[in-house]
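Q: model the following, please.
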Amino acid sequence: MSKNSNLSCAKCSFVNYRNARPTVTAVILRENKILLTKRNNSPFLGWWDLPGGFVDHGESPEEAIAREMREELGMAIKIKKLLGIYPGTYPSATEPFYVLSVVYMVEPLTKEFGIMDKEELKGFKWFKKKELPPRIAFDSNQNVIREFKKVWK
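A: Presented below is the predicted three-dimensional model:
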């Protein structure tokens, strides 16, 4: 990072390193279709998104993905494997900030689930590989899907 990308105080030598914020993302397949959620707030209002969210203070990524799936979809999950860690940006009103998204392949343990957080999500849908929507929220999720399509049969 360049010196200009951090915020510092010349009087006390404090440096606010603008480190990436941790997020978690779930890739969920059923009958060879991927689950996407539709955003109900900014940024990317109305765009399709992989389910997930920010890691809370003191929380492991594994705890965070389980919490996010429970809060957003009422879904209990089993983590199948770590797919990767993807850098990205999160747009904000003032300036974008950086994220590092820990991406898991997960299996739903809950047969019935739905939108639990209507403030955050409008809906969800299962998509075939060749029917993915053109507008996917967040550059990190776009990269996850592009990479996942290479191994998705």
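Q: CA only for contacts and neighbour counts going forward, please
A: Will do.
Q: I'd say Leu35 and Leu50 touch.
A: Yes: here Leu35 reaches Leu50: they are 7.1 Å apart, a contact under Cα atoms under 8 Å.
Q: neighbour count: those two, which is higher?
A: Leu50 (26 against 19; other Cα atoms under 10 Å).
Q: gap between the more buried one and Ala10?
A: Going from Leu50 to Ala10 by Cα to Cα, to the nearest Å gives 42 Å.
Q: now do the helices in this protein.
A: Per DSSP state H, the chain carries helices over the ranges 61-73, 139-151.
Q: of all those, which lies closest to Lys118?
A: helix 61-73 (8.3 Å; Cα to Cα).
Q: hang on, the earlier thing: what touches both of Leu35 and Leu50?
A: Residues touching both Leu35 and Leu50 (Cα atoms under 8 Å, 6 or more residues apart in numbering) are Val27.
Q: which strands and helices lie in contact with the biggest strand by length in the chain?
A: For the chain, the longest strand by residue count, based on DSSP state E, is strand 77-90. For strand 77-90, the packing partners by 3 or more Cα pairs under 8 Å, 6 or more residues apart in numbering; DSSP states H and E come out as helix 61-73, strand 97-108, helix 139-151.
Q: nearest to Val27, of the ones you listed?
A: Minimum separation from Val27 across the helices and strands packed on strand 77-90 (Cα to Cα) falls at strand 97-108, 4.8 Å.
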